[in-house]
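Q: Following is a predicted model, sequence given first.
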Amino acid sequence: QVQLVESGGGLVQAGGSLRLSCAASGRTFSIVPMAWFRQAPGQQRELVASIISGGSAHYADSVKDRFTISRDNVKNTLYLQMNILKPEDTAVYYCAAQSVWGSEYAYWGQGTQVTVSS
C-alpha cells in the first residue's frame, strides 16, 4: 500500500520558519516528480513547488526565494523548507507524487496544517 505522510506543520509567527517532511512508503518515488501543494480555506489548491528526480525544482512566484524543495531518494522523503513565512502562507500543505513521469499526481498525503500569525 502506497502512503505519503506529511509532518512538520504547526503555528509560527510571521517571519519564522518551518520544515515540512513527506515520508513515502509502499514504492519508490526516486524517478518521478514530486511536489508540494497547498490549499487555504475557500481557495483552490495550488502548486507550491515541484522537483524532479535529478533535483531540478520549480516554484510558485509567491514562494520563490523563501521556500526550498528537496528530496532524499535514499530515504524516499520529500522536504519543504519554508523561511520568512507570511500570514498568506497559512494553508493545509499536501505532498504529492506522480505514478509515472509526466502523469498526473496520483498519490497524495493527508495534509499538514501550517498557520502563520501576524
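A: Good, I have the coordinates. Numbers count the residues shown, from 1 in each chain.

Q: Give me the pLDDT for the residue sitting nearest the centre point of the chain.
A: In the chain, the C-alpha closest to the average C-alpha coordinate belongs to residue 36, at a distance of 2.6 Å (C-alpha atoms, centre = their mean). Residue 36 is assigned a pLDDT of 98 by the prediction.

Q: And residue 55, by the same measure?
A: The model reports residue 55 with a pLDDT of 84.

Q: just to confirm, which helix or strand has it in it?
A: Assigned by DSSP states H and E, residue 55 belongs to no helix or strand.

Q: separation between it and residue 71?
A: As defined by C-beta to C-beta, to the nearest Å, residue 55 lies at a distance of 7 Å from residue 71. For every residue, glycine as well, the C-beta is placed using N, CA and C.

Q: and if you look at residue 33?
A: Going from residue 33 to residue 71 by C-beta to C-beta gives 10 Å.

Q: more crowded one of residue 55 and residue 71?
A: Each of residue 55 and residue 71 has its neighbours counted (other C-beta atoms under 10 Å); residue 71 has more, 22 against 10.

Q: List phi and psi for residue 88.
A: Residue 88 adopts backbone torsions of phi -70, psi -10, taken as degrees, to the nearest 10.
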